[in-house]
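# Model the structure of this input:
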Amino acid sequence: MKKRKFILSFILALAAVLTACGQTSSNTNKDEGKKDTYLIVAGHAAAKDHFGQKSFEKFKELVEKNSNGRIKVEIHPGGELGGEREMLEQLLLGEITMMAPASAPLEAVSKGLALWNLPYLFKNAEQAHQVLDGEVGQEVLNSMTDKGLIGLAYWENGFRHLTNSILPITSVSDLAGIHMRTLENPMQIKAWSLAGANATPIAFTELYAALENHTVDAQETPLSLMYSMKFYEVQKYLSLTGHTYSPWPVVINKQFFDSLPDDLQQVVRNAAYDTREYNRQLSKEDEEKALQLLKHQGMEVLELTEAQKQEFKNAMSEIYADVKNDVGEELFDKLMKEVSK
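I've put the predicted structure just below:
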């Protein structure tokens, strides 16, 4: 973990230098022999039958059509290019062009992304959309620019819930002794540790095997990912905690983006925006469908009361002060003001 953090820090420093110098990666720009033609290599960790893949396909359709074929998009689903941290390193180096990861790995690029991992920040998707698409959301996207990434838009992954193979979990006390996979992110590790779990960071691409081999007992992801990754085969209990809303920030390598003519930059931006609405509709439909399918596969589903959710939030509340310290009082307070509207 420390070695990977050092490598990512080095890559971030290198990306910042290259961005400042205006250098352009040779691996993700113009196709050889095709003047003024560009290739976007996009990667994501979701399964091929997950709506995340459909979202990228929509983006590809829009970009290729509206650029009159001057931009081609190549999509690599299911972690083909590595886990999200590995893909982020490749993105910063210009070895790939675009990705839409969970917000947690992007905290290594900008601390502002930590805001979206605050437990029980949003009450529903509509509130999340309003904040993410507003002033604070754009400020957070812009905070990655000087590190070599352009934040295009926020797509959606959905609210995250908890599954495990040991017992029905409806309270913080139920987490005692549970070995739980978390994102490879210090805040996530601390949040679940505060709630009493034995937090273990594991790459998403390695999660199914870790659950199957009982390296960990529990995990937390949105419902659609649970179903598409077949976690119901290795997990028995599903607790509808809804503890975090999970956006997919769509990010593109800045050197590549800057190499595009102005009209093609606008094509890419418009495609990301237009795909956002399509993606969110797919997310809503898939979440409802996935819950029924998980029940059909035999998972025991546990509805939590607002009081039970509040208990989890209280246990993790120390995270709010940590994030405020990391991102700065001004940005944090601006977010809290937006949320309270």
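
# Only C-alpha atoms from now on, for both contacts and neighbour counts.
Fine.

# Do a quick rundown of the strands in the stretch 201-341 of the chain.
Taking DSSP state E, counting those that start in this stretch to define them, one finds strands in the stretch 201-341 of the chain at 218-222, 237-253, 300-303.

# could I get these as CSV with distance to E84?
Below are the strands of the stretch 201-341 of the chain laid out as CSV (distance: least, CA to CA, whole Å):
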stretch, distance to E84
strand 218-222, 15
strand 237-253, 12
strand 300-303, 29
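
# can you tell which of those is closest to L175?
Shortest distance between L175 and the strands of the stretch 201-341 of the chain, using CA to CA, is found for strand 218-222: 9.5 Å.

# Can you say which of the strands of the stretch 201-341 of the chain is nearest to K230?
The nearest among these, by CA to CA, is strand 218-222 at 12.0 Å.

# Return the list of helices and strands in contact with that closest one.
strand 149-164, strand 179-182 (3 or more CA pairs under 8 Å, 6 or more residues apart in numbering; DSSP states H and E).

# re the thing from before, present the strands of the stretch 201-341 of the chain as a markdown table; the columns should include mean neighbour count.
Shown next, in a markdown table, are the strands of the stretch 201-341 of the chain (neighbours: other CA atoms under 10 Å):
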| stretch | mean neighbour count |
| --- | --- |
| strand 218-222 | 25 |
| strand 237-253 | 24 |
| strand 300-303 | 16 |
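
# can those strands go into JSON lines with extra columns for mean pLDDT and distance to G328?
Below are those laid out as JSON lines (pLDDT from 0 to 100; distance: least, CA to CA, whole Å):
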{"stretch": "strand 218-222", "mean pLDDT": "97", "distance to G328": "28"}
{"stretch": "strand 237-253", "mean pLDDT": "97", "distance to G328": "21"}
{"stretch": "strand 300-303", "mean pLDDT": "98", "distance to G328": "35"}
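
# Tell me which of these sits nearest to A203.
Using CA to CA, the strands of the stretch 201-341 of the chain put strand 218-222 closest to A203, at 11.5 Å.

# Which of the strands of the stretch 201-341 of the chain sits closest to F56?
Comparing the strands of the stretch 201-341 of the chain under CA to CA, the one sitting nearest is strand 237-253, at 10.1 Å.

# re the thing from before, go through the strands of the stretch 201-341 of the chain and name the closest to K65.
K65 lies closest, by CA to CA, to one member of the strands of the stretch 201-341 of the chain: strand 237-253, at 19.2 Å.

# now could you export just the CA positions of stretch 137-153 as PDB?
Backbone C-alpha positions of stretch 137-153 (Å, rounded to 0.1, in the frame of the first residue of the first chain) are rendered in PDB as follows:
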ATOM      1  CA  GLY A 137     -19.300  20.000  -8.000                       C
ATOM      2  CA  GLN A 138     -17.700  22.000 -10.800                       C
ATOM      3  CA  GLU A 139     -15.100  23.400  -8.400                       C
ATOM      4  CA  VAL A 140     -14.100  19.900  -7.400                       C
ATOM      5  CA  LEU A 141     -13.800  18.800 -11.000                       C
ATOM      6  CA  ASN A 142     -11.700  21.800 -11.800                       C
ATOM      7  CA  SER A 143      -9.400  21.000  -8.800                       C
ATOM      8  CA  MET A 144      -7.800  18.200 -10.900                       C
ATOM      9  CA  THR A 145      -6.700  20.400 -13.800                       C
ATOM     10  CA  ASP A 146      -3.300  21.300 -12.500                       C
ATOM     11  CA  LYS A 147      -2.600  17.700 -11.800                       C
ATOM     12  CA  GLY A 148      -3.100  16.600 -15.400                       C
ATOM     13  CA  LEU A 149      -6.800  15.600 -15.500                       C
ATOM     14  CA  ILE A 150      -9.800  17.300 -16.900                       C
ATOM     15  CA  GLY A 151     -13.100  16.600 -15.100                       C
ATOM     16  CA  LEU A 152     -15.800  16.400 -17.700                       C
ATOM     17  CA  ALA A 153     -19.000  15.500 -15.700                       C
END
